[in-house]
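**Student:** no sequence on hand, only this structure:
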């Protein structure tokens with residue numbers, strides 16, 4: 001499978017990226033449980049419906065520099081490296097390479113904070129499209145943000161269900 005290099009951005013780039021999609025949810029789970037779910041490769045496809053498989057390619061303990069490969073629907077594979085790792089508070093990763101052209105830079109950040117009624121999880125997806133994606137992304141920005149918001153709410157429902165013993169809805 002062909003791999004396309006992506007810019008090796010730092011965590012701070014997420015705050016100024018040309019395209020930023022931000023979503024937030026309050027979850028009835030501890031920061032420790034949320035963190036454990038984010039470290040669980042099998043959990044990602046259960047809530048992030050675009051993901052079909054996650055494979056950690058670094059040994060534990062995970063931290064800055066840890067790598068993993070994420071396979072997505074439509075044949076896209078991202079080869080990720082973690083650029084921030086603050087257990088129970090914040091993790092960020094970037095694509096070092098992707099199996100499809102069209103993304104010059106891509107990164108995500110998950111921030112976990114205490115909140116009334118539980119724990120807040122903020123998900124920021126940041127990218128700099130290239131090629132034809134420069135034309136497509138502006139047209140799909142709102143639907144993508146809404147789709148990612150639904151996925152994050154699903155993540156919250158899965159953790160709420162685990163905490164309460166009720167099935168996820």
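**Tutor:** Structure's in. What do you need? Being a predicted model, the structure only gives us computed values, none of them experimental.

**Student:** only C-alpha atoms from now on, for both contacts and neighbour counts.
**Tutor:** Noted.

**Student:** so where do the helices sit in this protein?
**Tutor:** With DSSP state H as the criterion, the chain has helices at 31-39, 44-47, 133-164.

**Student:** contacting residues for the residue lying closest to residue 85 once chain neighbours are set aside?
**Tutor:** Spatial nearest neighbour of residue 85, chain neighbours left out: residue 91 (4.6 Å); criterion: C-alpha to C-alpha, 6 or more residues apart in numbering. Residue 91 makes contact with 82-85, 109-111, according to C-alpha atoms under 8 Å, 6 or more residues apart in numbering.

**Student:** again, but for residue 31
**Tutor:** Contacts of residue 31 by C-alpha under 8 Å, 6+ apart are 88-89, 112-114, 119.

**Student:** who wins for most neighbours among those residues?
**Tutor:** Within these, residue 112 tops the neighbour count with 26 neighbours, counted by other C-alpha atoms under 10 Å.

**Student:** thinking it is in contact with residue 123, fair?
**Tutor:** No. Under the criterion of C-alpha atoms under 8 Å, residue 112 makes no contact with residue 123, lying 9.2 Å away.

**Student:** the spatially most central residue of the chain bridge partners, please.
**Tutor:** In the chain, the C-alpha nearest the mean C-alpha coordinate belongs to residue 108, at 5.0 Å (C-alpha atoms, centre = their mean). When bridges are called by DSSP bridges, residue 108 pairs up with residue 93, residue 125.

**Student:** could I get the pLDDT score of residue 166?
**Tutor:** Predicted confidence (pLDDT) for residue 166: 57.

**Student:** before we move on, back to that, gap between the residue nearest to the centre of the chain and residue 2?
**Tutor:** To residue 2, residue 108 is 23 Å away according to C-alpha to C-alpha, to the nearest Å.

**Student:** with residue 156 instead?
**Tutor:** 35 Å.

**Student:** more neighbours: these two, which one.
**Tutor:** residue 156 (24 against 8).

**Student:** residue 24 versus that one, what's the distance?
**Tutor:** Residue 156 sits 10 Å away from residue 24, going by C-alpha to C-alpha.
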